[in-house]
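K.L.:
Just need the structure, nothing else, for what follows:
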Amino acid sequence: MSTKTLRLQIPQWQGGNLEAYHFGGQLLAWLAPAAAGPVATVEVPEPDGSELPLEDGIVARSALLRQLYSTEEILRKEMPDRIVVLGGDCLVDLAPFAYLNERYEGDLAVLWVDAHPDVMTPQHFVHAHAMVLGNLIGEGDPDFTRRVARPIKPEKVMYAGLYDMSPTEWEIVERLGLRMATPSQLIDSSQPVIDWLRSTGARHVAIHFDLDVIDPVQFRSLNFSMPNAPPDAFAGVPRGRMTMAQVVRLLNDVAEQVDVVGLGITEHLPWDAIAIRDMLRGLPLIGEGRA
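P.N.:
All right, here's what the predicted structure looks like:
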């Protein structure tokens, strides 16, 4: 039976309030292997340096909702069986994963490969990219949770690569009973995740892959490598501890067990590429020269 795989390119940046996500998402789409099926791009306004507004507890609420609706329109038109999402900040996976849980009538497990739990609410935080998994479970701001027609059951969610959180995040994760496989548990084996997958009985899985799960010593296109950031800019924020090889092994091991119907890759911040892009723009003949 033939299946339709849609590639969604969503260079969203407002969910993390970081302009570099826009170019990072575009570059990620350029670097990715050619798509075998249809490709659609959600139009996201290019950053212009303007400050984003705080709207009812969420930065850029209205812009994020417009982009969420645009994603939903594409999904309704294309009606894919599988989705690859190239972002952009983590919130880009909200509409695609909600769609997949409807498409497979709740027979969907979600593997969240991330150094952060993404279950915050506007009562705790103002950036929506840290709320996306909570929204998918049915918790958080109603403007976003109402877009999830069939919330994902907590027992069908597992973290991979998560090992520490804020006290608020710990409380939410423990209250929901979300499972977790730490980096140390996944060094040489994917078995903790495979065992959980089998326990769910799910025949399909969607995988959220936030690049910040990777050790920033091995991969520098992450928030933690932001140029000119103050020394304490990321104090207390857990950094990824997995290697690329470990993530590749894990995702392929999962694909051998169940049908992977969703893959979202997010939070690409190519600081060196951004720096040389901006340098080239400032040169004579090739760019604009001196402002």
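K.L.:
For the rest of this, base every contact and every neighbour count on C-alpha atoms.
P.N.:
OK.
K.L.:
can you pull out the helices in the stretch 101-250 of the chain?
P.N.:
Assigned by DSSP state H, counting those that start in this stretch, the stretch 101-250 of the chain shows helices spanning 132-137, 142-145, 167-176, 191-200, 244-257.
K.L.:
Which of the ones you listed sits closest to Gly57?
P.N.:
Gly57 lies closest, by CA to CA, to one member of the helices of the stretch 101-250 of the chain: helix 142-145, at 11.7 Å.
K.L.:
and that closest one, how far from the chain's centre?
P.N.:
Computed by CA atoms, centre = their mean, to the nearest Å, the chain-centroid distance of helix 142-145 equals 18 Å.
K.L.:
for that helix, what is the average pLDDT?
P.N.:
Taken as a whole, helix 142-145 carries a mean pLDDT of 98.
K.L.:
What residues of that helix count as buried?
P.N.:
Of the residues in helix 142-145, those buried under the neighbour-count criterion (16 or more other CA atoms under 10 Å) are 144-145.
K.L.:
Output the contacting helices and strands for that helix.
P.N.:
With contacts defined as 3 or more CA pairs under 8 Å, 6 or more residues apart in numbering; DSSP states H and E, helix 142-145 has these neighbours: helix 132-137.
K.L.:
thinking again about what came up before, which stretch among the helices of the stretch 101-250 of the chain comes nearest Pro238?
P.N.:
The closest approach between Pro238 and any of the helices of the stretch 101-250 of the chain, judged by CA to CA, belongs to helix 167-176 at 12.2 Å.
K.L.:
Which residues does that closest one contact?
P.N.:
Counting by CA atoms under 8 Å, 6 or more residues apart in numbering, the neighbours of helix 167-176 from elsewhere in the structure are 117, 119-120, 124, 154.
K.L.:
Now tell me which of those the prediction trusts least.
P.N.:
Pick the lowest pLDDT in the contacts of helix 167-176 and you get His124, at 94.
K.L.:
burial count for the closest residue to that residue other than its chain neighbours?
P.N.:
Closest residue to His124 apart from its sequence neighbours, by CA to CA, 6 or more residues apart in numbering: Thr168 at 7.9 Å. By the other CA atoms under 10 Å criterion, the neighbourhood of Thr168 contains 11 residues.
K.L.:
what packs against the longest helix seen in the chain?
P.N.:
Under DSSP state H, the helix in the chain containing the largest number of residues is helix 61-78. When contacts are defined as 3+ CA pairs under 8 Å, 6+ apart, helix 61-78 sits against strand 54-55, helix 94-103.
K.L.:
how about 10 Å then?
P.N.:
In terms of contacts (3 or more CA pairs under 10 Å, 6 or more residues apart in numbering; DSSP states H and E), helix 61-78 is packed against strand 5-10, strand 39-41, strand 54-55, helix 94-103, helix 142-145.
K.L.:
will you turn the ones you listed into CSV that also has distance to His22?
P.N.:
Written out in CSV, the entries for the helices and strands packed on helix 61-78 read as follows (distance: least, CA to CA, whole Å):
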stretch, distance to His22
strand 5-10, 8
strand 39-41, 12
strand 54-55, 19
helix 94-103, 17
helix 142-145, 21
